[in-house]
Every structure is written in C-alpha cells, then in structure tokens.
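In: pasting a predicted model and its sequence here:
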Amino acid sequence: MGANIVPNGSGATFRCWAPRARQVAIHGEFNQWGATDDGLLYQDGPYWSGFVADAKEGQQYKFFVTGIGTSGYKRDPSARELTRNPSYPFCNCVLQDPRSWKWHDVEFHAPRFNDLILYQLHVGVFNGPDRPRRVAKFLDVLGRLDYLVALGINAVLLLPIVEVASGRSLGYEGFDIFSPEMDYAVAPGPELQGYMGLVNGLRNRFSAPALTEGDLASSAHQLKAVIELFHLHGVAVLLDVVYNHAGGQMKGQDESIWFFDRAAGTGANDSLYFTDQDHAGPVWAIWKSEVRQFLIDNAAFFLNEYHVDGFRYDQVSVIVQASASEGWRFCQDLTNTIKYLKPSAINIAEYWSVDPYVVRFPQHGGAGFDACWHDGQAHLNLQEVARQLWAPNFLNAWRAVQYIESHDEVYRDRSQRIPRMADRGNPRSWFARSRSRVVTGILMLAPGIPMLFMGQCFLEDKQWADDAGAHPELLLWWDGLDLDKDVHMGRFHRFVEALIHLRRSEAALRSETLSVLHVNEENRILCFRRWVPGEGRNVVIVASLNDKTFPSYELPWPRAGGWREIFNSDAYDEYPASGNGGGIGAFEAPRDGYPATARMLIPANSVLVFAR
C-alpha cells in the first residue's frame with residue numbers, strides 16, 4: 001500500500017484503498033502535480049493502483065480523490081514521511097526508499113523478555129536545549145544515551161512518535177501513523193550541523209561509517225539513526241502505538257485520512273477507516289478487514305523498516321470493547337504476525353482490567369500478547385503489594401510489566417510522583433528519599449518486567465507535561481543531577497544504578513520464582529525470596545516501610561547458615577548507614593513453615609538483600 005520505489009529505481013508504484021471513489025490520481029513533482037495523464041490510477045475492486053516512471057526518492061506527492069461527495073487532495077495514509085510545512089496540515093507526502101538507509105546493527109539481539117528493564121520516555125520533552133520554547137528532537141535523545149547505558153536499563157519505550165496535529169502532545173492522537181512526528185526532526189542547515197559531531201562520535205565507537213547532513217535530512221532517517229545507535233550500545237527500542245483510536249483533529253483536515261474516499265455520507269460511520277464511536281478520538285473500524293490489515297501493516301512497517309524491538313499497545317481493552325466480534329481476532333492476527341516476522345519482538349498490551357487471557361496463546365483462546373501492563377504494586381497496603389509481586393493468575397511472572405510511575409499516573413493534574421507522595425511537604429526530606437528507595441527497590445527486585453518512567457531514577461518529584469511551553473516548571477531537572485545542584489538526586493541515581501546492576505548480575509532476580517516469607521502490616525515489613533530453579537542461588541529481599549529501625553528483627557528463612565548482605569539501600573543516603581556488617585547467620589529454628597530463622601537489624605525505610 002502507499003508509495004513504493006521499485007528496486008531498480010526506475011519509478012514508483014502507488015496504491016490506496018478507496019472503495020467508493022469515482023477516480024483516483026497521483027499528483028506530484030514527478031508529473032508537474034497532475035499536468036499529465038500518467039497519474040491516473042487503475043481500479044481493482046476497492047483498490048486503486050498504478051506505476052509512475054522516473055518517480056524518485058525525495059519527491060513530493062498526494063492522491064487526488066474524486067468522490068461521490070467531494071473532490072480534492074488526500075495525503076497517503078501509508079506515507080513514510082511528510083514535508084515540514086509551517087502551514088500544516090497542508091503538507092505533502094515524501095517518496096522514500098527504505099533501502100537508502102544502510103543499517104549497521106546486524107549483531108544486536110534484543111534481551112530475552114525476562115531480562116528486560118524498561119525506561120519510558122517522551123521524546124518531545126525528555127532532553128534538549130530550550131525545551132520551553134522548542135520541542136525536543138529525536139537526536140536530542142542521543143545526548144542522554146550514555147546516561148541510560150550507564151544506568152543499566154536495556155530497553156527504552158518511546159511514547160508515540162508518529163505525526164500528530166501538534167508537536168506539543170502526548171502523541172496518542174495520531175492519524176498519519178506511518179510518518180514520524182515532523183516536530184521531532186531537526187531541519188537541515190545550521191541546526192542539523194550542530195548534531196553531526198554527536199551522531200558521528202557515537203557511531204565511531206563501533207566503526208560505523210560517518211553520516212553526512214544529507215543522510216540525516218529526513219525525519220525518518222533521524223529516527224533510524226537514533227534506533228541504530230541504541231542498538232549499537234546494547235539497548236532495545238520499543239514503540240508505543242495506538243490502534244484503538246485516532247486523533248479527532250483530522251476531522252477538520254480536508255486532506256487527512258478522514259473520509260478518504262470522499263463519500264457523500266456525513267455520519268462518522270461513512271468515514272471509511274473509522275466508526276461513530278469515540279475514545280479520545282474516533283475509534284478505528286476494526287470490523288473491516290482492510291482497516292485491520294492497515295494497522296497490522298503499520299506494526300510490521302516499524303519492525304521491518306525501523307528495526308524496532310517491540311510495541312506497547314495503548315488501551316487494547318478499547319479495541320475489544322468497541323468491536324466485540326472482531327477486536328479479539330484482530331489482536332490474535334496482530335500478535336501472530338509480529339511473532340512470525342520477528343520472534344524476539346515483545347508485544348505488550350495495556351488492558352484494563354488486567355486479564356491473564358490477554359497474554360495466552362491464540363490457540364488457547366488468548367489474544368497472544370507477550371506481556372501486559374500491570375500497576376499492581378502501586379498500593380500502600382503491604383498485603384496487597386505482596387499479592388501483586390507476581391501478577392495474579394499469570395502463568396509467567398515476566399508476562400507482567402510492573403511499574404509504579406508511568407506517563408499516565410504522573411501526568412500533570414493527576415497523581416504525584418513517589419517522593420512527593422512520600423512527603424508532600426518536603427519531597428527532599430529523609431522520609432521522601434528513603435521511602436522512594438524502598439518502593440523502587442521492591443519494583444526492581446520483584447518478578448516481572450520492571451519499568452521506570454523518565455526521571456524516576458534520579459528522584460524527580462515533579463509531575464510531567466507534554467506541553468512544556470505552558471508548563472516549563474514540570475520539565476525534568478537535569479541540572480540537579482548533572483551539575484550537582486541537588487546532591488540527593490546524585491545519591492538516588494547511584495542507588496538505582498546499583499539496584500539495576502544487582503538485578504542484571506543475580507540470575508535469581510530475573511527468574512520465574514517467588515516465595516513470600518513474611519508480611520507484617522503493623523510493622524510494615526515485607527520479605528520475599530527469589531532463586532534459580534535447580535541451582536538454588538537464593539536471594540532474599542527484606543523491605544521495611546517503617547520509620548523506625550528494628551535492631552533485632554526475626555524472620556522465617558529458607559535455610560540455616562551464613563548469608564551475605566549484598567545490598568543495603570541505607571548506604572545511599574547522607575547519614576551513616578545501618579546494617580548487618582556484611583552478613584547474617586540464620587539458625588535452625590522452624591518459623592512460619594520455613595526451616596530456619598534469621599535475626600537481623602532492619603534500618604528504617606530500607607531494602608536489604610541477602611544471598612548465598
């Protein structure tokens with residue numbers, strides 16, 4: 001579908017779905033925008049297609065659709081790129097040959113699902129100069145690549161990066177869903193020249209050929225350059241995609257996908273790709289096979305042409321609810337296709353309320369997703385936290401993406417971030433710092449796929465906003481970390497860095513094992529065990545959310561003998577750390593169904609980790 005340059009470069013094919021159109025033509029720079037007849041497309045059932053000789057990469061084009069209702073230009077629904085036009089939405093589509101980008105990431109292999117540690121970020125506000133007045137760019141993310149690698153995460157999850165009506169956006173209202181957001185691209189010229197040293201310096205580490213400004217002129221190539229550099233540095237890239245609805249702004253754009261075949265009807269159900277249902281925008285008409293295929297093609301496109309390593313699918317529950325007959329089957333077809341094309345790519349569903357069948361195989365009645373969004377640890381009740389350490393009724397622990405903060409929870413005017421929830425009056429107090437360490441520690445040491453939201457790793461206490469121009473006070477405060485303007489940020493960053501290193505170095509913490517040894521709501525103590533099946537390599541986590549220290553607390557223990565204290569969150573604060581001198585001795589005294597008892601000092605608001 002769309003525009004595709006043929007392998008020998010002698011021209012391009014054009015194809016679109018317009019079942020009720022009377023005539024469709026392709027106009028562009030290659031035929032003087034319709035001055036000749038060679039742009040008329042041939043009808044083949046509901047499709048229109050044709051070939052234009054000598055059409056070349058970089059040339060601009062649009063479909064001209066003559067319908068029962070109206071006539072005029074329409075952007076290609078499958079356009080790989082749009083022009084950077086200050087008068088958007090009156091922009092053009094750009095012919096692009098995916099073969100023109102030469103990849104150098106062939107040796108990269110995405111982490112196994114149970115090894116993933118996700119970091120969620122929003123490109124438009126994450127990093128870059130003058131963010132209150134300038135939308136941050138794809139290439140700005142590279143300025144924090146070394147930071148993310150040093151932190152230890154092995155996958156980034158980008159909030160939606162496809163074209164939307166405004167660059168200041170969460171990204172969930174796209175409708176030109178094959179084209180990268182033009183506001184995230186750096187314009188050719190002096191601005192792009194300023195990035196060439198950074199890009200080529202990072203590439204040089206791996207002997208990848210230097211790029212020219214011409215190589216990075218397109219927004220698509222800038223995004224590909226970022227993904228390739230993340231891969232070269234050992235980090236997978238996942239995209240957040242939206243197949244439950246599109247942006248309502250397209251209704252006011254005559255050249256958008258809305259009423260693409262220009263039918264005479266005025267109701268939303270006549271709009272071809274959409275229904276009259278609404279979920280923050282028109283719901284895709286999943287009941288039509290052509291629409292289902294369009295969305296599946298979109299996911300396949302990002303796998304094949306951008307080398308992405310998986311997806312987080314927004315509100316899959318809306319897809320199922322909006323089309324009871326076809327929604328579930330669409331999910332099965334989608335996940336089956338992705339597994340066929342790239343078995344290492346992970347499919348993560350956001351589905352409310354969480355349903356284990358979402359992550360079961362289609363042949364067993366499931367939707368076929370690999371993992372599901374899961375906020376079960378976001379509770380104050382420790383009994384509930386303990387119950388949710390392993391997502392209830394999930395066959396595998398790694399099938400749950402566990403998180404405390406995400407783009408939804410801590411968006412402006414919603415919930416507070418962890419430090420401010422811990423101490424609303426002073427998010428830098430000892431209470432805020434220590435409780436934040438405990439919450440993050442449980443997240444990173446529990447079963448499942450842990451996910452951090454941008455800033456969570458250095459004690460960011462502010463909510464976030466996508467419209468940084470209106471809310472500059474909610475931007476990530478990198479200076480607090482980079483310039484040591486906030487010593488607590490640096491200490492907390494080192495704590496998270498050590499925690500991630502511990503998870504990656506201890507196989508038990510990535511295993512499919514969990515045994516809750518102790519939960520005491522009154523004392524605010526939680527203790528659980530992880531191990532490697534068949535090998536042992538036991539790790540026991542003790543977490544306290546009590547503001548006082550227990551000098552001699554007894555816990556049921558899996559085995560008597562000496563245990564090393566391999567992690568103590570108390571060591572990452574400005575006060576002298578309390579601990580157990582590097583280890584404890586468990587003695588043979590059965591307790592609560594376990595063969596031994598351990599006696600230890602548990603610092604106030606702390607996480608301790610023991611191993612043997």
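Out: Great, that's in hand.

In: buried sites along stretch 357-367?
Out: 358-360, 362, 366-367 (16 or more other C-beta atoms under 10 Å). Every C-beta, even on glycine, is put in place using the N, C-alpha and C of the backbone.

In: what's the neighbour count on W464?
Out: Applying other C-beta atoms under 10 Å, we find 23 residues neighbouring W464.

In: that one against L474, yeah?
Out: Yes: using C-beta atoms under 8 Å, W464 makes contact with L474 at a distance of 5.5 Å.

In: now for those two: what residues contact both?
Out: Common contacts of W464 and L474 (C-beta atoms under 8 Å, 6 or more residues apart in numbering): R412.

In: could you dump the buried residues of stretch 357-367 into a markdown table with secondary structure and pLDDT added?
Out: Shown next, in a markdown table, are the buried residues of stretch 357-367 (DSSP: H, G, I helix; E, B strand; the rest coil; pLDDT from 0 to 100):
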| residue | secondary structure | pLDDT |
| --- | --- | --- |
| V358 | helix | 95 |
| V359 | helix | 96 |
| R360 | coil | 94 |
| P362 | helix | 91 |
| G366 | coil | 93 |
| A367 | coil | 94 |
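
In: stretch 201-221: end-to-end distance?
Out: 17 Å (C-alpha to C-alpha, to the nearest Å).

In: quick one: residues in contact with it.
Out: Residues outside stretch 201-221 that contact it (C-beta under 8 Å, 6+ apart) are 80-81, 84, 94, 96, 101-102, 104, 138-139, 142, 145, 179-182, 184-186, 188, 192-193, 195-196, 199-200, 222, 225, 228-229, 232-233.

In: where does pLDDT dip in the chain?
Out: For the chain, the stretches with pLDDT under 70 are 85-88.

In: show me where the chain has helices.
Out: Ranges of helices in the chain, per DSSP state H, are 123-126, 138-141, 145-151, 190-204, 219-232, 289-306, 316-322, 327-341, 382-388, 418-422, 430-445, 478-482, 487-505.

In: right, and those helices - which one's nearest L517?
Out: L517 lies closest, by C-beta to C-beta, to one member of the helices of the chain: helix 382-388, at 9.8 Å.

In: what's that closest one packed up against?
Out: Applying 3 or more C-beta pairs under 8 Å, 6 or more residues apart in numbering; DSSP states H and E, we find helix 382-388 packed against strand 515-520, strand 525-532.

In: ok, Y575 touching W430?
Out: Yes: the pair Y575 / W430 is scored as a contact, 7.4 Å apart, by C-beta under 8 Å.

In: how about a markdown table for the helices of the chain, with distance to S406 and mean neighbour count added?
Out: Converted to a markdown table, those look like this (distance: least, C-beta to C-beta, whole Å; neighbours: other C-beta atoms under 10 Å):
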| stretch | distance to S406 | mean neighbour count |
| --- | --- | --- |
| helix 123-126 | 15 | 25 |
| helix 138-141 | 18 | 25 |
| helix 145-151 | 17 | 16 |
| helix 190-204 | 28 | 14 |
| helix 219-232 | 20 | 23 |
| helix 289-306 | 21 | 18 |
| helix 316-322 | 16 | 22 |
| helix 327-341 | 21 | 19 |
| helix 382-388 | 16 | 18 |
| helix 418-422 | 12 | 23 |
| helix 430-445 | 12 | 22 |
| helix 478-482 | 20 | 16 |
| helix 487-505 | 16 | 18 |
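
In: which one of those helices lies nearest to G593?
Out: Here helix 382-388 is closest among these (C-beta to C-beta), at 15.2 Å.

In: with just CA atoms, put the closest one into PDB.
Out: The C-alpha trace of helix 382-388 is given here as PDB (Å, rounded to 0.1, in the frame of the first residue of the first chain):
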ATOM      1  CA  LEU A 382       1.700  -4.400  52.100                       C
ATOM      2  CA  GLN A 383      -0.500  -7.500  52.000                       C
ATOM      3  CA  GLU A 384      -1.800  -6.300  48.600                       C
ATOM      4  CA  VAL A 385       1.800  -5.400  47.400                       C
ATOM      5  CA  ALA A 386       2.800  -9.000  48.400                       C
ATOM      6  CA  ARG A 387      -0.100 -10.400  46.500                       C
ATOM      7  CA  GLN A 388       0.800  -8.400  43.400                       C
END
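
In: ok, back up a step: wait, which of the helices of the chain is closest to Q277?
Out: That would be helix 316-322 among the helices of the chain, by C-beta to C-beta, at 5.3 Å.

In: and the contacts of the closest one?
Out: For helix 316-322, the surrounding residues in contact (C-beta under 8 Å, 6+ apart) are 243-245, 275, 277, 279, 283-284, 286, 327-328, 330-331, 349-353, 358, 367, 369.

In: contacts only, for T549.
Out: Counted by C-beta under 8 Å, 6+ apart, T549 has contacts 578, 601-604.

In: next one: A12
Out: Counted by C-beta under 8 Å, 6+ apart, A12 has contacts 3-6, 30, 51-52, 55, 95.

In: just give the closest residue to it, not the sequence neighbours.
Out: Excluding the flanking residues, the one nearest A12 by C-beta to C-beta, 6 or more residues apart in numbering is A55, at 3.9 Å.

In: among the helices and strands packed on helix 382-388, which is nearest L121?
Out: Nearest to L121 among these is strand 525-532; the distance by C-beta to C-beta comes to 28.2 Å.

In: list the helices and strands that closest one packs on?
Out: When contacts are defined as 3+ C-beta pairs under 8 Å, 6+ apart, strand 525-532 sits against helix 382-388, strand 515-520, strand 536-544, strand 550-557.

In: coming back round to it: buried among the contacts of helix 316-322? Need that as a selection in PyMOL.
Out: Buried residues among the contacts of helix 316-322 (16+ other C-beta under 10 Å), as a PyMOL selection:
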select buried, resi 243+244+245+275+277+279+283+284+286+327+328+330+331+349+350+351+358+367+369
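
In: how far out from the middle of the chain is stretch 407-427?
Out: Computed by C-alpha atoms, centre = their mean, to the nearest Å, the chain-centroid distance of stretch 407-427 equals 21 Å.

In: pull out the buried positions in stretch 111-122.
Out: 111, 113-114, 116-122.

In: what's the straight distance from one end of it to the other?
Out: 22 Å.

In: next, give phi and psi for the closest residue to D140 other than its chain neighbours.
Out: If the residues on either side of it in the chain are set aside, D140 comes closest to G128, at 3.4 Å by C-beta to C-beta, 6+ apart. Here is the backbone geometry of G128 (degrees, to the nearest 10): phi 140, psi 170.

In: neighbours of G128, how many?
Out: G128, neighbours per other C-beta under 10 Å, totals 19.

In: pretty sure it contacts G143?
Out: Yes: the criterion here is C-beta under 8 Å, and G128 meets it with G143 at 7.1 Å.
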